[in-house]
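In: dropping a prediction and its sequence here:
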Amino acid sequence: MKTITSLVLLAVLLVGCQNEDAIIPSNDEVVSVETTQNSQVKNVTAKTVSGTVPSHDPSTIIKSGVNYYVFTTGDNIPMTYSTNLTNWTWGTSVFTSTPSWITSYVPGFTKTFWAPDLAWFNNRWNMYYSCSTFGSATSAIGLVTAPSISQSAGTKWTDRGLVVASSSASDVNAIDPSILVDGSNVYMAYGSWHAGIGVVQINVSTGKPTGTRTIVAGGNSASWEAPCLIKEGSYYYMFVNRGSCCNGVNSTYYIVVGRSTSPFGPFTDKNGVNLKSGGGTTVLATQGNYIGPGHLSRITGTQKGAVHYYDGADNGNPKLEIVYFTWSSGWPTLSY
């Protein structure tokens, strides 16, 4: 049973940024897993998710078999599962030990992984995860895959090594991956503060980057992180967090969006301002006890998604919540 506390989650999450331009897969490593501010504040009290299981940086929620699964920041990549998106139970973490390649790129890294995301392509589940240390621009995103995910039957993950890395604050910080499967194409958005948010195409066969990455939002160490890249109709939408996380009830996260006809931008907001020039239309901010919502994802094939927020009714502990996308004239809004 997982016993990760909210305090542990908060301690590891203050991350801020780091970057990219990686390449080069390392040797595959098999890992066996045992089975076992800016909107009006409203008084929001209704909650979709029940219970007190802490959650920070939730992945895209995926369904496999009878269960929904969400993976989060924490030791060995924690997982919780649910049959109804409401009642969640601790499941089996992804890793039992840290892949050996990581310390070559992130010296001093321990078992606390950040902000995973996953998607189904190439007949397997592909999970991208972040490795960094507090306050450092030295980071890496890795890849681990599995043919199926099952809490009851067990899941065998195979680590595929490095996807992208960063070693300088002048680069895109290699954390916070967001994966979009768009027909036969796959894209990864990632980044935090530093040089901004980058997008790179992913080779479907290898799960690694192909071509060069493009910076599409932020830069100059401004507060841009935790991107979420989705497609709706003919537009690509880049949701990004502004403000700061990981400070309980004092967290200032809020989510903005821009859209483009290309996954590589340019992304502009409702007023036509580029996200690289400070643009971004606010779609979700603090509401009542839902403080500092962040790290958005959308459940594939639905108009539902997930965020974490800091619960003002529970000492600012991070929680998972389901959000709903609605669309008007090609622009989204988010609600609980």
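Out: In hand now; what should we look at?

In: low-confidence stretches in the stretch 51-200 of the chain?
Out: Along the stretch 51-200 of the chain, the model assigns pLDDT under 70 to residues 51-52.

In: kindly recompute the last result at 90.
Out: 51-54, 108, 133-137 (pLDDT under 90).

In: show me where it has helices.
Out: 102-105 (DSSP state H, counting those that start in this stretch).

In: in it, what residue spans correspond to strands?
Out: 62-64, 67-71, 74-75, 79-82, 89-90, 112-121, 124-131, 139-146, 157-166, 178-182, 185-190, 197-202 (DSSP state E, counting those that start in this stretch).

In: neighbouring strands of the fourth one in the sheet, and parallel or not?
Out: Looking back up the chat, that one is strand 79-82. strand 67-71 (antiparallel), strand 89-90 (antiparallel) (DSSP bridges).

In: just so I know, which of those lies nearest P116?
Out: Nearest to P116, of all the strands paired with strand 79-82, is strand 67-71, at 4.5 Å by Cβ to Cβ. C-beta coordinates here come from the backbone N, C-alpha and C atoms, glycine included.

In: now do that closest one and strand 112-121, the angle between them.
Out: Counting by axes from the mean of the first three to the mean of the last three Cα atoms, to 10 degrees, strand 67-71 lies at 140 degrees to strand 112-121.

In: report the distance from strand 67-71 to the chain centre.
Out: Mean C-alpha position of strand 67-71 versus that of the full chain (Cα atoms, centre = their mean, to the nearest Å) differs by 14 Å.

In: what's in contact with that strand?
Out: 55, 58-59, 61-63, 77-85, 88, 91, 94, 116, 118, 127, 149-151, 306, 320 (Cβ atoms under 8 Å, 6 or more residues apart in numbering).

In: which of those residues count as buried?
Out: Neighbour-count burial (16 or more other Cβ atoms under 10 Å) is assigned, among the contacts of strand 67-71, to 55, 58-59, 61-63, 77-82, 85, 88, 91, 94, 116, 118, 127, 149-151, 306, 320.

In: looking at the strands of the stretch 51-200 of the chain, which is nearest to W327?
Out: It's strand 178-182; of the strands of the stretch 51-200 of the chain, that one is closest to W327 (Cβ to Cβ) at 17.3 Å.

In: any idea how far S82 is from the residue nearest to S150 when sequence neighbours are not counted?
Out: Spatial nearest neighbour of S150, chain neighbours left out: G65 (5.9 Å); criterion: Cβ to Cβ, 6 or more residues apart in numbering. For G65, the distance to S82 (Cβ to Cβ, to the nearest Å) stands at 12 Å.

In: one more: L296?
Out: 19 Å.

In: for the closest residue to G278 other than its chain neighbours, which residues are in contact?
Out: Distance criterion Cβ to Cβ, 6+ apart; nearest residue to G278, sequence neighbours excluded, is A222 at 7.7 Å. Applying Cβ under 8 Å, 6+ apart to A222 gives the contacts W193, G196, G278.
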